[in-house]
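Asker: Have a look at this prediction, sequence included:
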Amino acid sequence: MESKNLATKVVDKMYNNDPFSQWLGIERVEDGEGTSTLKMTVRKEMLNGFDIAHGGITYSLADSALAFASNSHGIKSVSIETGISHIKAVKEGDVLTATAKELSLSNKVGIYEVTVSNQDHVMVALFKGTVYRTGKEWFSDNQDKK
């Protein structure tokens, strides 16, 4: 059996200790170095008074993709600035896919763009995030990475 790559090991650890992402029903589609693709289905309790998804739902999905992508290099990273543009209304039953890609990476800062699309491949939100890279490793050389 092929061993897991570092990105998958980090995201395993993060996701398994992330009850909010689990509550959202996020499924991990792809873990990669500097990237993350997530999927979730919008449920009734995620709707607002306009009978559309609360903006925090697409934001939270995109934020989780940012977190997984930015930590995938094995260095603990935390967001320092994020923003989202809501482009199209999201309805109950919509299946959303968030894809994070790394735009820039240095020793201390990473910049990411996350697109959120529905089941029809229509972009519903565009998210940008900047992270601070702490320099602390997720796994030290003598620590078990399983």
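Answerer: Arrived safely.
Asker: by contact count, what packs against the longest helix anywhere in the chain?
Answerer: Longest helix in the chain, counting residues (DSSP state H): helix 55-71. For helix 55-71, the elements it packs on are helix 6-16, helix 19-24, strand 27-32, strand 35-41, strand 75-86, strand 95-105, strand 109-117, strand 123-137, judged by 3 or more Cβ pairs under 8 Å, 6 or more residues apart in numbering; DSSP states H and E. For every residue, glycine as well, the C-beta is placed using N, CA and C.
Asker: Which positions in it come out as buried?
Answerer: Within helix 55-71, the residues that qualify as buried are 57-71, counting by 16 or more other Cβ atoms under 10 Å.
Asker: so which of those residues would you say is closest to Ser140?
Answerer: Of all the buried residues of helix 55-71, Asn71 has the smallest distance to Ser140: 15.3 Å, by Cβ to Cβ.
Asker: Quick check, the closest one in contact with Val11.
Answerer: Yes. With contact defined as Cβ atoms under 8 Å, Asn71 counts as touching Val11 (7.4 Å).
Asker: now for the helices and strands packed on helix 55-71, which one comes closest to Asn48?
Answerer: Comparing the helices and strands packed on helix 55-71 against Asn48 with Cβ to Cβ, the closest turns out to be strand 75-86 (11.6 Å).
Asker: Tell me where the model's unsure across the protein.
Answerer: Segments of the chain classed as low confidence (criterion: pLDDT under 70) are 1-3, 141-146.
Asker: Spell out the secondary structure type for Ser140.
Answerer: In terms of secondary structure, Ser140 is coil; the call rests on DSSP: H, G, I helix; E, B strand; the rest coil.
Asker: That one and Tyr132: what is the separation?
Answerer: Note on Ser140: its distance to Tyr132, by Cβ to Cβ, to the nearest Å, is 20 Å.
Asker: now Phe68
Answerer: Applying Cβ to Cβ, the value for Phe68 to Tyr132 is 16 Å.
Asker: Ok, Lys76 next?
Answerer: When distances are taken as Cβ to Cβ, Lys76 and Tyr132 turn out to be 10 Å apart.
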